[in-house]
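Student: Fold the following.
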Amino acid sequence: MGAEVTVDDQTFVTFWRQLLRWLTSDVPNRISVASPSDVTGVREPIVLNAEVADSGFVMRNDAHVVAHLTAPSGATRDVPMEWAVDRDGEYRATFTPDEAGNYAIVAEVEDAGKPASTRAAARVAADTVRDRLSDPTYVRVNPASEASREFVDAEMRASLLQRVSRETGGKFYTPSTVNSLPEDIALSKRGVTVVNQMDLWDMPFIFLMLVGLVGAEWAYRKKRGLV
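Tutor: Numbers count the residues shown, from 1 in each chain. Model prediction:
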């Protein structure tokens, strides 16, 4: 900074603070939790996956991870998460919701090697909330009627399929007539498009036109004395 800048000018300090904040704004939390499906139904198991890393962002396999669940009614529930042996730093758990609505899920990491009172004191004194808790994730639990709505009247509607086949010129097959399907497909020519590619010089008209253009150009250049 120049000598003309006053001592109490915070421009330089603000610049470096903003720069460091911009460089670190996209750094993920050391603990994260998610669910493969964000929508499910009542009484349908939900799988939770959490990833845990240490202060150097090296995956940990010795952490004690607990998922804190908050039901739509406000009731809380803790679900221990077990380390997934096939992946470093990944912990999994499963729970079955019994209420419809939005569930909030937060994963917390505790030091399993210390008593509960010592862990609580260490959690407050040593680590920040960001180092111990994940960002919340949410799972929508639909009522049983909505969750199974797509399976209502899921049987085959033969009359509709027969009408569609008649109007489109197709065929309707049943288990007794499905053996003729391979033969019908082999004999059907519908939807088949044959594309013939031909080079331009193999077409007499195009070939003569190109020769005429080249000859006309040569005659013009000859007449103007450009050749």
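Student: how distant is the longest helix seen in the chain from the center of its chain?
Tutor: Looking only at the chain and at elements set by DSSP state H, the helix with the highest residue count is helix 204-223. Put simply, helix 204-223 sits 59 Å off its chain's centre (CA atoms, centre = their mean, to the nearest Å).
Student: could we number from 49 for the rest of this?
Tutor: Yes, from this point I'll number from 49; that puts the last item at helix 252-271.
Student: What average pLDDT does it get?
Tutor: For helix 252-271, the mean pLDDT works out to 88.
Student: got any ranges where this structure has weak pLDDT?
Tutor: Within the chain, the segments meeting pLDDT under 70 span 49-51, 53, 73-75, 159-179, 192-202, 235-241, 248-250, 275.
Student: Quick one: the strands in it, in order.
Tutor: Taking DSSP state E, the strands of the chain run over residues 79-82, 87-89, 94-100, 112-118, 124-131, 138-143, 149-158, 185-190.
Student: Identify the residues contacting the residue nearest to T144 when sequence neighbours are not counted.
Tutor: Nearest residue to T144, sequence neighbours excluded (CB to CB, 6 or more residues apart in numbering): P93, at 5.2 Å. No exception for glycine: its C-beta is placed from N, CA and C like everyone else's. Counting by CB atoms under 8 Å, 6 or more residues apart in numbering, P93 touches T142, F143, T144.
Student: With R188 instead?
Tutor: For R188, the contact set (CB under 8 Å, 6+ apart) comprises D86, V87, T88, G149, N150, Y151.
Student: still on that earlier bit, buried set for the longest helix of the chain?
Tutor: Neighbour counts over helix 252-271 (16 or more other CB atoms under 10 Å) mark no residue as buried.
Student: go on, stretch 76-87?
Tutor: In terms of neighbour count (16+ other CB under 10 Å), stretch 76-87 has its buried residues at N77, R78, I79, V81, A82, S83.
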